[in-house]
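*Asks:* Turn this into a model:
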Amino acid sequence: MSTTLDHAHGHDDHAHDDHHPHGWRRWLYATNHKDIGTLYLWFSFAMLLTGGLLALGIRAELFMPGLQLFQPEFFNQLTTMHGLIMVFGAIMPAFVGFANWMIPLQIGAADMAFARMNNFSFWLLPPAAILLVSSFLVPGGATAAGWTLYAPLSTQMGIGMDMGIFAMHIMGASSIMGSINIVTTILNMRAPGMTLMKMPMFAWTWLITAYLLIAVMPVLAGAITMTLTDRHFGTSFFNAAGGGDPVMYQHIFWFFGHPEVYIMILPAFGIVSQIIPAFARKPLFGYASMVYATSSIAILSFIVWAHHMFSTGMPVTSQLFFMYATMLIAVPTGVKVFNWIATMWQGSMTFESPMLWAVGFIFVFTMGGFTGLILAITPVDIQLQDTYYVVAHFHYVLVAGSLFALFAGFYYWAPKWTGFMYNETRGKIHFWASLITFNVTFFPMHFLGLAGMPRRYADYAAQFTDFNMIASIGAFGFGLSQVYFLFFVVLPSIRGGEKAAANPWEGAEGLEWTVPSPAPFHTFETPPTVK
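*Replies:* I've put the predicted structure just below:
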């Protein structure tokens, strides 16, 4: 009997080795949701630093009036590539990394539904990123059409434009596969008793985000494919001389682009909705209303796209419709902010790094929301369109929104990922440095925009000098804060340090999942596999 057992045990070991390759094979052939999540996070951080370098190039040029470092053409390449890399290379893959790591753990699934497709959807990204970044090296350089790739500019650029289109196609395919995986995992692989309305908020926000991605990524593919055929196959979708319309490109692009901005913020809402209850030691206020608010934001995001186009000469009735629809979307967002504050109200709060980032997120993201509301007012927007006010607005929601929430999530879940605690003091230094330098960078841009400074210009009138200098100094400070984060927070916490407790946020025990959850997922063990 014992020999049979030994033999079975030995066989099991052998199978175990097959399924857990070591060295580079572990990463190349990864089918484990945690390894793939880790790959996504490292990739997105590398892209964050890449896009950040381009941003510092922009700010260095704008430190003083006149042309300092770059010709206007190259300056516009920097702005375009900064936008594309940050949106498609940094923010989106980072949230997918969080989804891969956390969703199976949160719903009690053994892994993601389609392990090999999960591997494929990650490994599409590095080639796409190389293609995108190396477009700087081709004749004519990277595309300078702006990250929105508006026609007719995009139909006349050099080969760098084609590389950009191809890269976005590949990244879009990756997003669609990742989303199908997330939807299938959440709908089919929840543990017994884990009903949809008992799921942690992060799982909910990602379920809704994944549906958004599946809906709008093909729209982007259509827009850039039409651009490609206009460029090379003699079609005239966006060429007025051939009977096309360049404004049609904007309609198609923003029908993708507006839900896209919610794709980049909804998972952030999910992360914040989990951190705040844990550190306020109270259940999330209004769980059901949070779920409904998230869903309504997703639905409304499809009917506001033309608020990006108020200055293209649309009829007044359309302007009114898009203005009111845009204001309407502020209601569910306001519900969320109210619920977060109500969760903190009379809670016994402590301010470890994750909570600092979450509270910082509410403060700065809400400012971004208000400037968005201001830009929703058609006559105001026509004045402020393509000024630095718009740049300030979307950086307040994308940096202070998405990025701050990603940092919050990292500090919250990294002990679970690495088994080690990060250094709390360094985490706080990272937070305060980032918060202060972020505001020093982007707050003056509101004033620049109100005074009429246009975006995407390499030079500017002398009266804008002071605010631009302040913004540039802030930008370099913000960049250094993220380098500090890498070398003094991330790497040391991976290498080791203080062992993380079973629940590193003692006293917040279980409260994150108080929407009564059948299997407490606050312990560090992976939930039992569902037979």
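
*Asks:* Tell me if I am right that residue 145 is in a strand.
*Replies:* No - assignment of residue 145 by DSSP: H, G, I helix; E, B strand; the rest coil gives coil, placing it outside any strand.

*Asks:* phi, psi of it?
*Replies:* Per-residue torsions, residue 145: phi -90, psi 10 (degrees, to the nearest 10).

*Asks:* how far away is it from residue 270?
*Replies:* In this view, residue 145 and residue 270 are 33 Å apart by Cβ to Cβ, to the nearest Å. (Glycine included, C-beta is placed from N, CA and C.)

*Asks:* With neighbour numbers in mind, choose between these two.
*Replies:* Shown here are residue 145 and residue 270; by other Cβ atoms under 10 Å, residue 270 has more neighbours (29 against 22).

*Asks:* what does the model give the more buried one for pLDDT?
*Replies:* Note for residue 270: predicted pLDDT of 97.

*Asks:* Check the offset of the host helix or strand of it from the chain's centre.
*Replies:* Assessed by DSSP states H and E, residue 270 sits inside helix 266-280. Put simply, helix 266-280 sits 15 Å off its chain's centre (Cα atoms, centre = their mean, to the nearest Å).

*Asks:* got a list of contacts for the next helix-or-strand element following it?
*Replies:* The first helix or strand that comes after helix 266-280 along the chain, using DSSP H and E, is helix 287-300. By Cβ atoms under 8 Å, 6 or more residues apart in numbering, the surrounding residues in contact with helix 287-300 are 197, 201, 204-205, 208-209, 211-212, 259, 262, 266, 269-270, 273, 284, 325, 328-329, 331-333, 335-336, 339, 515.

*Asks:* Could you write me a ChimeraX select line covering just the buried ones among the residues you listed?
*Replies:* Entered in ChimeraX, the line below selects the buried ones among the contacts of helix 287-300, by 16 or more other Cβ atoms under 10 Å:
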select :201,204,205,208,209,211,212,259,262,266,269,270,273,284,325,329,332,333,335,336,339,515
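
*Asks:* The nearest residue to residue 190 once chain neighbours are set aside - how many residues pack around it?
*Replies:* Once flanking residues are discounted, residue 190 sits nearest to residue 107: 4.5 Å by Cβ to Cβ, 6 or more residues apart in numbering. Around residue 107 there are 25 other residues, counting by other Cβ under 10 Å.

*Asks:* Next, the angle helix 287-300 makes with the helix or strand where residue 222 lies.
*Replies:* Here residue 222 sits within helix 201-232, counting by DSSP H and E. Helix 201-232 and helix 287-300 meet at an angle of 10 degrees, taking axes from the mean of the first three to the mean of the last three Cα atoms, to 10 degrees as the criterion.

*Asks:* Skip ahead from helix 201-232 and say which helix or strand is next.
*Replies:* Counting by DSSP H and E, what follows helix 201-232 is helix 246-263.

*Asks:* Mind listing what's buried along that next one?
*Replies:* So, applying 16+ other Cβ under 10 Å, buried residues of helix 246-263: 246, 249-263.

*Asks:* and the angle for that helix with helix 287-300?
*Replies:* 170 degrees.
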